[in-house]
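**Student:** Got a sequence here, can you model it:
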Amino acid sequence: MTSHDLADIPFQRLARAEQVASATLLEQRDERGNWEGELSTSALSTATATLAIHLYAESGHGGDRVGGLQRLVVSGCDWLLDHQNEDGGWGDTTRSFSNISTTMLAHATLTAVTRPESETADDRLVEALANAQTYIDRIGGVEAVLARYGRDRTFSVPILTHCALAGLVEWRRVIALPFELAALPSGFYKTVRLPVVSYALPALIAIGLVRFHSRRPWNPLAWLVRRCVRGRVLRVLESIQPTNGGFLEAAPLTSFVAMSLVGCGLADHRVTRQAINFLVDSVRDDGSWPIDTNLATWVTTLSVNALGDRLPESGREPITNWLLGQQFREVHPYTNADPGGWSWTDLPGGVPDADDTPGAMLALLALEESPSRESIESIKMSSNWLLSLQNRDGGWPTFCRGWGTLPFDRSSQDITAHVLRALMSAGAALPENAGQFEQPIDRGFEFLREQQREDGAWVPLWFGNQRVAGEENPVYGTARVLMAWWDAGRADEEAAVRAREWLSEAQNPDGGWGGDVDTVSSVEETALAVEALLGCERGTSSEIVGQKQAVSGVEWLIARVEAGTWIKSEPIGFYFAKLWYFERLYPLIFTVSALRRALSAAKGKHDSLSDDMPLGHSRR
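**Tutor:** Coordinates of the predicted model:
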């Protein structure tokens with residue numbers, strides 16, 4: 001029988017499920033006391049890294065490393081062959097549907113590396129390539145890639161460059177990127193409206209160079225300008241390469257840079273060597289590569305904010321010091337971001353962004369009952385950084401204010417909501433600074449009102465669902481934005497009520513949620529919806545819409561915890577430009593957050609509790 005009130009769920013059952021979930025999440029900490037998580041392995045990353053290493057090894061500059069490099073190439077190809085989908089294509093993760101981008105990359109890599117026309121090619125390879133070609137032809141090949149990304153060249157041009165370097169696409173099909181613009185002072189980037197997003201400057205330079213090298217422009221003036229700035233843009237590229245060689249800690253971006261430089265005769269360039277070193281160092285034991293090294297900062301702050309008092313006192317100071325130590329204190333050489341932000345990782349390739357920064361701020365405020373002087377100064381700096389990033393439309397972009405109109409540089413709804421929550425919490429902790437936050441916060445809420453869909457939902461930028469039209473995830477977006485309304489005490493506002501109604505109606509008959517209406521339920525999306533709907537009990541005098549749905553969602557989660565099926569991740573994360581990933585910790589973090597919210601709400605609905613009831617207070 002479905003419960004309509006949290007009091008209908010046996011308290012001991014709810015408490016046990018929360019205790020199991022919290023204990024499991026706490027067990028995932030590393031030796032430093034924070035969380036590193038584990039990103040899904042990626043066919044896309046494996047295809048690009050394998051080709052980059054192959055081209056480098058074949059260039060004659062591998063030296064005594066050639067044997068080891070060739071072994072990585074073989075293991076990468078074997079992994080791709082082992083993980084081809086039944087339809088002949090590849091998806092970004094091992095749980096993803098096939099897509100044209102990853103399939104063309106994998107097909108090109110296997111073709112270039114294994115030479116299927118040779119007499120030594122085995123039947124398995126020949127069949128795999130034939131099936132992949134059938135898939136590519138059916139979906140539409142080059143035209144399908146261009147259509148998938150529209151006017152954003154950030155990923156379509158690298159895909160076609162990869163295929164051209166493998167000999168499968170003519171260079172005339174690869175759109176020339178104006179790499180000469182990278183020679184301008186960085187302050188001009190937002191003015192000239194680059195055809196790629198702010199984080200893709202290395203690709204603009206390297207891919208622009210190899211396209212210029214492989215197909216001379218018809219305009220002699222363009223040829224002369226690009227010829228003259230070649231050395232300067234290479235120096236720019238070298239100046240923004242992280243110390244470990246990995247741009248953004250991302251195997252695909254780093255691979256595109258490396259293979260492009262090899263393709264234009266720069267295999268022995270320092271940037272190329274460093275990029276190859278990064279790829280060699282980041283390969284996994286099974287021969288594959290992840291989409292990024294890790295999301296350690298992101299999953300740590302999410303875990304801290306989910307666990308609340310469940311995080312032992314002994315574990316708080318190490319995390320606090322770790323977070324304070326990785327806040328950027330100088331202008332970032334890559335995006336020229338001012339000091340004050342945080343990245344998704346503590347590794348050299350990270351850049352500050354407006355999603356990880358509010359996450360870190362909220363975590364710091366949660367870690368200390370009374371913020372230390374260092375934490376207060378950190379919160380002030382990060383608040384100012386976020387205020388300086390706000391766009392004219394009132395929302396917040398991911399990396400750079402006003403850079404352009406491409407999706408990952410525009411204001412986004414999930415990030416704006418996260419920033420608002422952080423600024424409101426900072427204002428409460430720093431009352432003397434609260435006044436400067438009021439107008440930006442009001443503008444942020446107005447942006448969210450304007451962006452709300454007619455049906456009441458919001459759509460996030462960094463999360464999607466492969467089963468939803470347009471690969472969107474309005475359940476994630478609506479849940480995250482609603483939390484900002486609850487924190488502001490604005491649950492009675494029309495936008496919040498409409499969102500709550502939509503989220504309630506999006507629930508599946510089984511009690512869970514998927515990414516949208518009538519989408520298969522997942523742990524991540526159910527937990528997010530439950531937390532958001534239970535949050536409406538704070539600061540609202542209206543009749544609670546969604547209470548019944550939230551309770552049945554809690555029951556759905558408890559049943560999965562009891563069955564041990566709650567830890568399977570789904571590919572709901574976007575790592576730039578519709579590159580899918582799943583993170584091992586997401587279902588754990590989101591479940592803990594939802595069940596702790598449910599436990600807190602249920603505590604007040606029960607007449608009596610035993611003294612030894614595990615209510616989650618573990619500050620010892």
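
**Student:** quick one: low-confidence parts of this protein?
**Tutor:** 1-4, 116-121, 186-199, 402-408, 536-545, 577, 604-620 (pLDDT under 70).

**Student:** remind me, longest helix of it?
**Tutor:** helix 220-240 (DSSP state H).

**Student:** With just CA atoms, put it into PDB.
**Tutor:** The C-alpha trace of helix 220-240 is given here as PDB (Å, rounded to 0.1, in the frame of the first residue of the first chain):
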ATOM      1  CA  PRO A 220      46.300  34.800 -49.700                       C
ATOM      2  CA  LEU A 221      45.800  37.400 -47.000                       C
ATOM      3  CA  ALA A 222      44.400  34.800 -44.600                       C
ATOM      4  CA  TRP A 223      47.300  32.500 -45.500                       C
ATOM      5  CA  LEU A 224      49.800  35.300 -44.700                       C
ATOM      6  CA  VAL A 225      48.200  36.300 -41.400                       C
ATOM      7  CA  ARG A 226      48.000  32.700 -40.200                       C
ATOM      8  CA  ARG A 227      51.500  32.000 -41.300                       C
ATOM      9  CA  CYS A 228      52.800  35.000 -39.400                       C
ATOM     10  CA  VAL A 229      50.900  34.200 -36.100                       C
ATOM     11  CA  ARG A 230      51.800  30.500 -36.000                       C
ATOM     12  CA  GLY A 231      54.600  30.900 -33.600                       C
ATOM     13  CA  ARG A 232      52.700  33.300 -31.400                       C
ATOM     14  CA  VAL A 233      49.700  31.000 -31.000                       C
ATOM     15  CA  LEU A 234      51.900  28.100 -30.200                       C
ATOM     16  CA  ARG A 235      53.400  30.100 -27.400                       C
ATOM     17  CA  VAL A 236      49.900  30.800 -26.100                       C
ATOM     18  CA  LEU A 237      49.100  27.100 -26.300                       C
ATOM     19  CA  GLU A 238      52.200  26.300 -24.300                       C
ATOM     20  CA  SER A 239      51.500  29.000 -21.700                       C
ATOM     21  CA  ILE A 240      48.000  27.600 -20.900                       C
END
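
**Student:** what ranges do the strands span in this structure?
**Tutor:** Ranges of strands in the chain, per DSSP state E, are 41-42, 289-290, 573-574, 580-581.

**Student:** Could you say which one of those strands comes nearest to residue 20?
**Tutor:** strand 573-574 (24.5 Å; Cβ to Cβ). C-beta: built from backbone N, CA, C; applies to glycine.

**Student:** Show me what that closest one is in contact with.
**Tutor:** Strand 573-574 has contacts (Cβ atoms under 8 Å, 6 or more residues apart in numbering) with 461, 462, 463, 464, 580, 581, 582, 583, 586.

**Student:** Give me the number of neighbouring residues for the first one.
**Tutor:** Translated: residue 461. By the criterion of other Cβ atoms under 10 Å, residue 461 has 21 neighbours.

**Student:** just the fourth one next, same as before
**Tutor:** Look at residue 464: counted by other Cβ under 10 Å, it has 23 neighbours.

**Student:** I'd guessed residue 365 sits against residue 427; true?
**Tutor:** No - taking contacts as Cβ atoms under 8 Å, residue 365 lies outside contact range of residue 427: 10.9 Å.

**Student:** circling back: in helices only, show me the contacts of strand 573-574.
**Tutor:** Going by DSSP H, the helices hold residue 586 from the contacts of strand 573-574.

**Student:** returning to that earlier point: mind giving me the packing neighbours of the longest helix of the chain?
**Tutor:** helix 201-214, helix 270-282 (3 or more Cβ pairs under 8 Å, 6 or more residues apart in numbering; DSSP states H and E).

**Student:** Rebuild those helices as TSV, extending it with mean neighbour count and distance to residue 333.
**Tutor:** Listed next are those as TSV, based on neighbours: other Cβ atoms under 10 Å; distance: least, Cβ to Cβ, whole Å:
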stretch	mean neighbour count	distance to residue 333
helix 201-214	25	11
helix 270-282	21	14
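
**Student:** Distance to residue 480 added to these, as a markdown table?
**Tutor:** What follows is the helices and strands packed on helix 220-240, written out as a markdown table (distance: least, Cβ to Cβ, whole Å):
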| stretch | distance to residue 480 |
| --- | --- |
| helix 201-214 | 29 |
| helix 270-282 | 30 |
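
**Student:** of all those, which lies closest to residue 27?
**Tutor:** Each of those has some distance to residue 27 by Cβ to Cβ; the shortest is helix 270-282, at 25.3 Å.

**Student:** neighbouring contacts of that closest one?
**Tutor:** Counting by Cβ under 8 Å, 6+ apart, 49, 52-53, 56, 68-69, 72, 206, 234, 237-238, 241, 244-247, 251, 254-255, 257-258, 261-262, 266, 289-290, 293 sit against helix 270-282.

**Student:** Provide a list of residues in contact with the nearest residue to residue 593 once chain neighbours are set aside.
**Tutor:** Using Cβ to Cβ, 6 or more residues apart in numbering and skipping residues adjacent in sequence, the residue nearest residue 593 is residue 306, 3.8 Å away. Applying Cβ under 8 Å, 6+ apart to residue 306 gives the contacts 25, 589, 590, 592, 593, 596.

**Student:** And residue 260, by the same measure?
**Tutor:** 161, 165, 206, 207, 209, 210.

**Student:** just curious, which of those residues is nearest to residue 369?
**Tutor:** residue 206 (49.0 Å).

**Student:** related to what we said a few turns ago, pick out the most distant pair among the contacts of residue 260.
**Tutor:** 165 and 209 (12.5 Å).

**Student:** Just the helices from the stretch 301-450 of the chain, written as ranges.
**Tutor:** All helices of the stretch 301-450 of the chain, identified by DSSP state H, counting those that start in this stretch, fall at 316-326, 356-367, 373-389, 413-429, 435-451.

**Student:** now those helices in a markdown table, with distance to residue 491 and mean neighbour count?
**Tutor:** Listed next are the helices of the stretch 301-450 of the chain as a markdown table, based on distance: least, Cβ to Cβ, whole Å; neighbours: other Cβ atoms under 10 Å:
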| stretch | distance to residue 491 | mean neighbour count |
| --- | --- | --- |
| helix 316-326 | 30 | 17 |
| helix 356-367 | 19 | 25 |
| helix 373-389 | 24 | 18 |
| helix 413-429 | 14 | 24 |
| helix 435-451 | 13 | 17 |
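
**Student:** out of those helices, nearest to residue 173?
**Tutor:** helix 413-429 (34.4 Å).

**Student:** Show me what the closest one is packed up against.
**Tutor:** By 3+ Cβ pairs under 8 Å, 6+ apart, helix 413-429 packs against helix 356-367, helix 373-389, helix 435-451, helix 474-487.

**Student:** just to revisit the earlier point, can you flag the buried ones in the contacts of helix 270-282?
**Tutor:** Buried members of these, scored by 16 or more other Cβ atoms under 10 Å, are 49, 52-53, 56, 69, 72, 206, 234, 237, 241, 244-247, 251, 254-255, 257-258, 261-262, 266, 289-290, 293.

**Student:** on that earlier part again, buried set for the longest helix of the chain?
**Tutor:** Neighbour-count burial for helix 220-240, with 16+ other Cβ under 10 Å as criterion, is recorded at 226, 229, 230, 233, 234, 236, 237, 240.

**Student:** quick check: angle from it to helix 201-214?
**Tutor:** 140 degrees (axes from the mean of the first three to the mean of the last three Cα atoms, to 10 degrees).

**Student:** quick one: contacts of helix 220-240?
**Tutor:** So helix 220-240 is contacted by 179-180, 182-183, 201-202, 205-206, 208-209, 212, 216-217, 247, 257, 266, 269-271, 333-334 (Cβ under 8 Å, 6+ apart).

**Student:** so can I have a markdown table of the helices and strands packed on helix 413-429 showing distance to residue 92?
**Tutor:** Output for the helices and strands packed on helix 413-429, formatted as a markdown table (distance: least, Cβ to Cβ, whole Å):
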| stretch | distance to residue 92 |
| --- | --- |
| helix 356-367 | 22 |
| helix 373-389 | 29 |
| helix 435-451 | 27 |
| helix 474-487 | 18 |
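
**Student:** These: which one's closest to residue 124?
**Tutor:** Closest of the helices and strands packed on helix 413-429 to residue 124 is helix 474-487, at 38.8 Å (criterion: Cβ to Cβ).
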